[in-house]
Structure formats: structure tokens, C-alpha cells
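1. coords please:
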Amino acid sequence: MSISNEVFTCLVLWSVMLVSFSDLFFTHQLLGTIVNVIVDSKEPKDKLLRGILTADFDEDSCLSRHQSSLYRKPLPYKPSEYLISKLRSYEILHRRCGPGTRAYKEATKNLGHDDDNYASKSVGECRYIVWVAAFGLGNRILTLASHIDGYNMGYSRCYGTMLNNHAISANSTPQHLYLHILHDSRDVDKMFFCPKDQTLIDKVPWLIVNANVYFVPSLWFNPTFQTELVKLFPQKETVFYHLALYLFHPTNQVWGMVTRSYDAYLSRADQTLGIQVRVFTRRASYLQHLMDQIVACTQREKLLPELATQVSNTSRSKKLNAVLVTSLHPEYSNNLKNMYWEIPTSTGDIVQVYRPSGERFQQTDKKLHDQKALAEIYLLSLTDNIVISAGSTFGYVAHSLGGLKPWLLYRPVSGRVPDPPCVRAVSMEPCYITSPSHGCENKKRIDLATVFPFVRHCEDTRHDGVKLFDERTYYQRSIQPTTYDQFIKISSDVLKTLGLKMKFMITFIFTSVLIGSIFLLSPPNNFNDQLLYATINGSKESKTPQDKLLGGLLTSDFDERSCVSRYYKSSLYRKPSPYKPSEYLISKLRSYEKLHKRCGPGTQAYKEATKNLIGHNDKNYANKTVGECKYIVWVAVYGLGNRILTLASVFLYALLTERVVLVDQSKDISDLFCEPFPGTSWLLPRDFPLTRQIDGYNKGYSRCYGTMLNNHAITANSTPPHLYLHILHDSRDEDKMFFCPKDQTLIDKVPWLIVKANVYFVPSLWFNPAFQTELVKLFPRKEAVFHILAKYIYHPTNEVWGMITSYYKAHLARADERLGIQIRVFSGGAGYLKNVMDQVLSCTQREKLLPQVVVTQEVNVTQSQKVKAVLVTSLYPEYSDRLRNMFSNKDSSRGEVIKVYQPSGERYQQTDKKIHDQKALTEMYLLSLTDNVVTSARSTFGYVAHSLGGLKPWLLYQPRDASVPDPPCVRSTSIEPCHLTSPSHGCDADWGTDSGKVLPFVKHCEDRDNDGLKLFDEL
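-> Residues are numbered from 1 along each chain as shown. Down below sits the predicted model:
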């Protein structure tokens, strides 16, 4: 039985006790003075909940009891004075009759007694009702405790069975009765609610109850109970709400889970929505149908914005909606998160989707699972609006505890999405799903929903089940005009009598007040928000925008709307970079742009250069005049990280050798990046003569430079019209001769170079003396080569930029500090996941990037806590899940609120699939926007991210065996990427020299164990 069933049955038994033990209570006049003192208390935040709680507890022993009001909005549901009096009286009764008292000992003496005339005996003033949870009672009340779990309808002391056997009467009652109030109860079991039966049951000192339904509505059909209930709950839809606030206070451990998750993921949102999803079948199409139903409901009811039909260029900051999704299945939250990540909203609002857990299987009796379930119920109850599945007790508890009237998702029928998909509840009470047919004396089967105006069918059960309604609420919509309608009518009548000047004045006053209210009521959370939102909101009108040309690196010759990421909008999300472009580089880039415009696709020069590429076998091609334009064609191979690093390398080589760089567009490069050069294109035309052959180029190709060297097929007087350069991880020594000065003199005569590369070969260019002279002038800060070049050539398309900004605003913008963690998985062996997780924790905690977790009994909710957002990127979601669970289940040693996010976790790399690559690029950019970053060794994905952001990362050493490396990571002293498979230095006699010891600013990579090369500043 689920935890929500237990909550319900525990609560309804309370209702029985409150209405049936009235002869044992003190009069409520006697307690009136006490109640007034409580109600009139001036305690902050009404910690006694308008008197429903008593102040007789040690607050530290159960923090949630008095702190819950800090997280809830004030609601109009006030407990009655009579209920408060009754609760105080009950507390006195429980102290007098509870475990350990003399009365309790007397009452348990004869529980094994078989005297059928037990009712004639004096059993004292105390009577008991024992609630049995299906997963175990967990108390030490009865000597029969070990047998309770076996009670069922066949048990001889089951009330329904005794009625069938005529084994109980006013003069023949047992010492205890078992009440079977489950979904499979028989009609005779349901006679428990009847007045005559209650008179009989009232004589039995011990009742053992097993229930999984919320049977409170049925109690109102007993006239005696109803008289009492009306005084206890004048607002009939508040029964569960008030009793739950009184009874259910999570332990400090569970409350810590609630508050940590709330502070991390919900507290800073402008609006919160809870969505609870129960899965009724595992059919293949069910997930998609239910997902469609959720989207249809939330968008139809304006709970979530619709998706934009086209990419919007607006950067105006809108409302942040936090969506809390609870389900055993993570697919629903993942699909919703991806939907609002991949496509912007029509309103411009940001939608942040959070799922506390997704364990796929209910694990009742497992402590942590039940604690998580209770925490999720409480989190749902703290949202502003809530959508729940029909017939779900989990959802009923959540919305009723929060005093929320939910949108109820109809249960799908015949595999189709219901129309309408959901209905708004008129009452916040839970539903009694399997209610009895009314009739006690004449045993007539009557529709319970027709007996009393305040007991009606549940909205989500299609004319089945019953629930309590407030009569005024139920009839208000159809009988009375709304206050808003009345206001509009009155306002219209008044305005008709006003003069034109007065109308203008009133309009001015109202709009002024409205604008002032927006400023006063919507302050940003911290300085970062002020800077971000103020700049974004005024970006289009600003007369002095931030340095949108990045110190002259960019040209102003572009239409800003065609690529909104190019100019100052990207700078809104970054801290100012200390790495400035040199004047020489800026001049070189302007010259290159002219060259590209003169020689690029579509020009006469390009047409002339491509004429002789096919079928020309003249070995003395170098002596022919081929025009002023030379080209280098970059061919996309391997993953996106490799492509971004190698294209930057090829562009730098083109800049050094005055070649025009053209990009193979057979892959998805145009879906990722805008054109970087004004007035032209860098995309290789699809009719390029070698297009069909390029994919097959490899080391064995006759025009491969290394192969031609081996075959002595190329000399200064014998050069081909094109060369293939093989700069991959498996390059031969001959292929790597490409970097040598003598070879560059030869290669410079070839008009067309075709390059396949998967390594960042920039460091090797510095070994060429001619190149080095130029590079020193281009990049005085040697470690900033990629950082500066990337800001020049890589500008995400509007579609990708929308994904970046929406995710940043939803999850990172409002944090006080941001940490990026990028994890590459090198092995699928047993224990690898745990070892890497241990390594990540060891590194981040050792380097003070993340706090330790502690087991504490204190939750300080009054002190403003620092929020740190942790962005995890990996193909595997397990790492972020474990990190999130760790910081949700325990407090941090520094009191920080740790928010853990993972944009995607697709398990398999899907290179060349558009949306996969767009997500990958988005995640690289998001990592680059963090304050600190931890990346895996040898990961080009991580290299791009930290270099793009100008960040010196903590590099996780690659595990060599089944143990965690010690130390787990190293802080890089350079922001440059690593050339993973660099050549041994030497072109002539000095071949074989250690490349990491030739130049003081080219050293081995920290994460490669004296291998690989990267650039460092000499300072």
C-alpha cells in the first residue's frame, strides 16, 4: 500500500475519533480561554496555524511543525473554534489513555479474552482504534501485533463477517473488532458507517482498521456524526486540509529533503506548477498519449505557455515558471524539459522542469523511497497550481495538503487522449473512490451523490466515487455573477458619466500605479539578475550597448537579427574576458574578410579555381598560373568537440597562409553556426567537383600528402592540383611532416587542400619559425588562441541560441554561483560509474568547489542561503541523479543550497543528428558560462567548453584501473585545449626530440601524463 493510502486512512480514523468520543471531552467553553490565547498570539508567520497547533512541543525535535508556514501562502481556510477546542481536549484524552498509562494497561489486559458477553464488562473510560499500515503497523501496543498483518475479510472478528454470521449483537460483543475498509470491501463491511451499527461498535473497546480509501465523506451520512462535523468543519471541503496540518509533520530528515529541494528549485521562480503523473498501463503508446494529454491540459488551461511557431529574436526577460514533475517514470519530465528547451515559448516565458526522483518501481517498505515520496508530496503541496492524475491518492494528498483545487487528468480510455484532457476540481477535498451505496435501514441502493448537496461525485471518476464540496463554492459559478463581472459593469456605468479630461487623468493614474507596482513588486534576486535583466530588457533601446564588437574582433557589417548571438547579446551572459584581441589580429581578420569576399563561393575567382580539379593529370601543375586564390576545405569527421577544435585550427592555418577556408556542409554545420564572414559564405558549394569523393579520402589515397612523400611523388616541380591532409589521431610520421617549414614551402604551391582532422593542431604550428613570428604578433597572450578565434567564428544560430538562453535563464541565471561538471565515460565495466562518481566528488570537495554533506538535525530556514547551481553534462544521467540525490537527502556543510541540473542524458552519441548536435553545442556553451568548470581528461567536448569561456578547468585524470586516481584532478594553468596526438619535434636532423621541451610556452598537457601539447603563457 502506498504512503498516500496510509496518510488518508490515518487521517479518516482521526475524524472518527473526533466525532465519536465527544462524551469523554471537556466542554469547549472550558478551553475557550486557551484557544483565544493561541489565536491572538503574535508569533511571526503564524507558526501555530491559527491555533490548530499547540505550543507544547520542543520545536527542534520536529522542525516542520512550526516552519511549514514559512513555505506556504496564507490561505482563507481558518479552523473553527470548535475544532481547535476539540483538538485540545483530544490531546488531554490521549495523555490520559495513551501507551504507558494505567488506563492503557488495564485496557490491554483482556485482549485475548474470548468472553462473548464482553460488552457487559466495565472496560474503563478509554477506547482505542488501531490503524494498520499494509507495510506494517510499527507500534508496540498489542500482544496480537504479530498477527495483525494477517487480518482480512475471512477473519472471524471482521465486522462484516460477524454480521453475515449473526455473531454480534448489543449483548454479545467481542473485545476487539477488525474493520475491513479497503477497495474490495463487501456491502456488509460498509455497514460500519450506519448509525445503528455505530451504536453497536461503540461498545467495543478495541478497533483494528485496515483501509486504503478516504472514507470521510461517508461519515457525513450518519446523522450523529454530521451534527458534530458541521460544527468542526463549517467549510466542508477543508476536512483533510485542517486535519493534515494538525497530524502530519515530516521528521527533520524528511523536512530537510523538502526544504533543500524547495530552496534549490522552486523558491526563486515567479510561478510554480506541480504535475503528478500516475501510470496505469505499460502499453507502448501509452507514454506518448499521456504526454500529449499533459501538454493539452496545461496549455489549454494556461498553466504553461504554448510553443512559438517560429524562432523569436526577442531577448526581453519574461516570467520564470518552475515545473515540478513527480512520477515513477522519468520520461514525462524529460520530454517536457526537452520540449521547452528545444523550442521557445510563444510568450517568451522561461519554463524550468525539475524531477526529484524517477525510480520506476514503487518500493514500499524501503525507508529512503518512502521518505522521498513524502518529500515529493509536500513539494507538490507548496506549488501555486497543480495537475494530478485521476484516481491517484498520491495526488489527492498533495493538492489537499496544499489547499489547492487541482486540474484532474482524466484516465485515458481506449488508448486515446481524452477530450477535454482534464477538469478543474471545484473542491480541494480528496475523493472516496469506492464509496458504499447509501442505505442502512431499508438497504436500498441509493446514489450517494444525490442525498446531500455537499456530497457529490468526484470530477475525475466519471459519476463514481464521492467527495465533499462547500455548497457556496459549488453553486457560485452558475448562480452568482463573479466579483469581476460586477466590477466591470459598475466601472462601465461610472465611466460613461465622466468627462474626457477626467478619463485621461484616471488612465494616467492607473498606468502610473501599475508601472510603479511592477518595479516595486518584481525586484531581481541578486546583483547578477539586476545586471542580466536590466541589460536584456533595454538591449534594443540602449544607446550605449556593451562592447558588442568585442574590442574590434567582430565587424559591424551583419544584420543583427539574422544571428542574435553574434553581438552584445552573448556578452550579457559572460563576465568580461581578460583576453583582448591584438590590433594586429583585428587588422588580419579585416584583410581576411576582404579575401574571402573576393575568392569565396559564387565569385569568378572561385569558378576559375575549380575548373581543373577533375581529370587534370598535369604533374607540373605548380608552374601554371592558378590565380590569386588558394583554398583549404575542412571536412567534418568525428564528434562535435573534435569538429569545433579542428575547424578553428584550419581557420588559423588559413589566416597564416592566406588561404580561403571552406566548410563541408554535407553535415549539420549550418544548423549550428551562423556565417562568420560578412557578404559571403564559408559553406563549400554542393556542386564542388570533389564532393562525392571526399568522404572516401584516407591514408591510402594517392593524393594524401604522407603517402605522396612515401612514394616520392611530390616535389617542388611536381605538385598536384589538390592535396589531402590526414591530421587524425592515427596519422603517420609522414603525415605530420605537414608542420615542417620545408614541407610548407612545397604545400604552399598547391591551390586546393582537403583536410580531415580530429585533433587541435594549433600548438604544432608554433614550431614553424615563419608561423611563430606571425603568431606572436597575432596572439601576445599565447593561451588565448582558441578563446579569441572561437568568439570570432562560432556564433550559434538563433535556434541554438534560444536553447542556450532559455536554459540559462531557467536554471542558472538566478544562482549566486555556477559550477560546470563535464563527464566523459571511457569504460562500461562493472564499478566504473561508481568510481567516476567518487572521483568527481573527491575532486570537487577537495578543491572546495562543492561542500561536504552532513547528517544534521537542524534546518535553518530563516537565514538567506547561497544558491550554487551545478550543471552536469554527460551522456549518462546517473551522475547528475546521484549528485542531486546526495544534496537533496542531506544538508551541506557550508549551508549552501545546491541545485543540480543535467540538460540531457541520451546515453549514445548521435553525431550528425540535428537535434542531438544542437543540444551538444548548447551544453558546451552553457558550461562556458559557469564560474568554474570540471572536465574529463582527453575530452574535446570539455576542451571547447572551458576554452570558449576563458576558464582554467579542473581536469579529472583518466582512471587507469578500478580505483579512483589520487589526486583525482589537477587545476590547469592554461585555458587552451590540448593537441592530444602531437608530433615528435623535428623535421630534419632533430627528429624525435620531445616536443614539450622545445619552446617555453608549448608544454605537455596536464591531463596526458607527459604527452600531448598545449600553449601556456610564459608569465
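
2. any residues touching the helix or strand hosting Lys756, and which ones?
-> Using DSSP states H and E, Lys756 falls within strand 752-757. For strand 752-757, contacts defined as CB atoms under 8 Å, 6 or more residues apart in numbering pick out 609, 613, 630-635, 637, 642, 646, 649-650, 659, 690, 694, 697, 721-728, 747. Any C-beta I mention is one placed from the backbone N, CA and C, and that applies to glycine too.

3. is the residue positioned nearest the centre of the chain bridged to anything, and to what?
-> Centroid-nearest residue in the chain, with CA atoms, centre = their mean: Tyr354, separated by 3.0 Å. Assessed by DSSP bridges, Tyr354 has beta-bridge partners Leu324.

4. picking that back up, inside strands: which ones of the contacts of strand 752-757?
-> 631-635, 722-727 (DSSP state E).

5. circling back to that earlier point, restricted to buried residues, select the contacts of strand 752-757 in PyMOL.
-> In PyMOL, this line selects whichever of the contacts of strand 752-757 come out buried by 16 or more other CB atoms under 10 Å:
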select buried, resi 609+630+631+632+633+634+635+637+642+646+649+650+659+690+694+697+721+722+723+724+725+726+727+728+747
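
6. helices of the stretch 551-700 of the chain, residue ranges please.
-> Taking DSSP state H, counting those that start in this stretch as the test, the helices found in the stretch 551-700 of the chain are 568-571, 583-599, 604-610, 640-657, 669-672, 691-694.

7. of all these, which one comes closest to Leu1015?
-> Nearest to Leu1015, of all these, is helix 640-657, at 11.7 Å by CB to CB.

8. so how far is that closest one off the chain centroid?
-> Chain-centre distance of helix 640-657: 35 Å, with CA atoms, centre = their mean, to the nearest Å.

9. and stretch 743-763, by the same measure?
-> Using CA atoms, centre = their mean, the offset of stretch 743-763 from its chain centre is 45 Å.

10. in that stretch, what counts as buried?
-> Under 16+ other CB under 10 Å, the buried positions of stretch 743-763 are 743-744, 746-747, 749-763.

11. can you give me the end-to-end distance of that stretch?
-> Taking CA to CA, to the nearest Å, stretch 743-763 runs 17 Å from one end to the other.

12. next: stretch 700-707.
-> End residues of stretch 700-707 are separated by 7 Å (CA to CA).

13. enumerate every residue touching Leu841.
-> Leu841 sits in contact with 850, 883, where contact means CB under 8 Å, 6+ apart.

14. hey, which of the helices of the stretch 551-700 of the chain is tucked in deepest?
-> The highest mean neighbour count among these, using mean count of other CB atoms under 10 Å, belongs to helix 640-657: a mean of 24.

15. between the ones in strands among the contacts of strand 752-757, which is closest to Ser577?
-> Relative to Ser577, and with distances defined as CB to CB, the nearest of those is Trp634, at 25.8 Å.

16. tell me the contacts of the nearest residue to the closest one once chain neighbours are set aside?
-> Of all residues not flanking Trp634 in the chain, Val650 sits nearest, at 4.6 Å (CB to CB, 6 or more residues apart in numbering). Residues near Val650 by CB under 8 Å, 6+ apart: 632, 634, 661, 755, 757.

17. for these, which one is nearest Ala716?
-> Ile632 (20.1 Å).

18. for the closest one, list each beta-bridge partner.
-> Val661, Leu753.

19. what's near enough to touch it?
-> 650, 653-654, 657, 659-662, 752-753, 755.

20. and if we set it to 7 Å?
-> 650, 653-654, 659, 661, 753, 755 (CB atoms under 7 Å, 6 or more residues apart in numbering).

21. can you tell me which of the residues you listed lies closest to Cys987?
-> Of the contacts of Ile632, the one sitting nearest to Cys987 (CB to CB) turns out to be Tyr653, at 16.8 Å.

22. list the contacts of that closest one.
-> With CB under 7 Å, 6+ apart, Tyr653 has these contacts: 632, 765.

23. kindly state the pLDDT recorded for it?
-> Tyr653 is assigned a pLDDT of 98 by the prediction.

24. for Ser565, same thing?
-> So Ser565 comes in at 91 (pLDDT).

25. host element of the closest residue to it other than its chain neighbours?
-> Counting by CB to CB, 6+ apart, Trp801 is the residue found nearest to Ser565 once chain neighbours are left out, at 4.1 Å. Trp801 is located in helix 798-807, with elements delineated by DSSP H and E.

26. distance from that helix to the middle of the chain?
-> 17 Å.

27. contact partners of the helix or strand just after it?
-> Using DSSP H and E, the helix or strand that follows helix 798-807 in sequence is strand 817-822. By CB under 7 Å, 6+ apart, the residues outside strand 817-822 that reach it are 812, 840, 849-850, 866, 868-873, 927, 930-936, 939, 941-942, 945.

28. one more pass at 6 Å, please.
-> Residues outside strand 817-822 that contact it (CB atoms under 6 Å, 6 or more residues apart in numbering) are 812, 849, 868-873, 927, 930-935, 942.

29. average pLDDT across it?
-> Rounded mean pLDDT across strand 817-822 is 96.

30. what do you get for stretch 187-206?
-> Across stretch 187-206, the per-residue pLDDT values average to 87.

31. surely the residue nearest to the centre of the chain and Tyr265 touch.
-> Yes - taking contacts as CB atoms under 6 Å, Tyr354 lies within contact range of Tyr265: 4.4 Å.

32. and Gln276, how many residues sit next to it?
-> As a burial measure, Gln276 scores 24 neighbours (other CB atoms under 10 Å).

33. backbone torsions only: list them for it.
-> phi -110, psi 130 (degrees, to the nearest 10).

34. where does pLDDT dip in the stretch 801-950 of the chain?
-> 828-830, 855-864, 908 (pLDDT under 70).

35. switch to 80 and redo it
-> 826-832, 854-865, 889-895, 905-912 (pLDDT under 80).

36. helices of that one, start to end?
-> Under the criterion DSSP H, counting those that start in this stretch, the stretch 801-950 of the chain contains helices at 832-846, 878-889, 914-928, 940-948.
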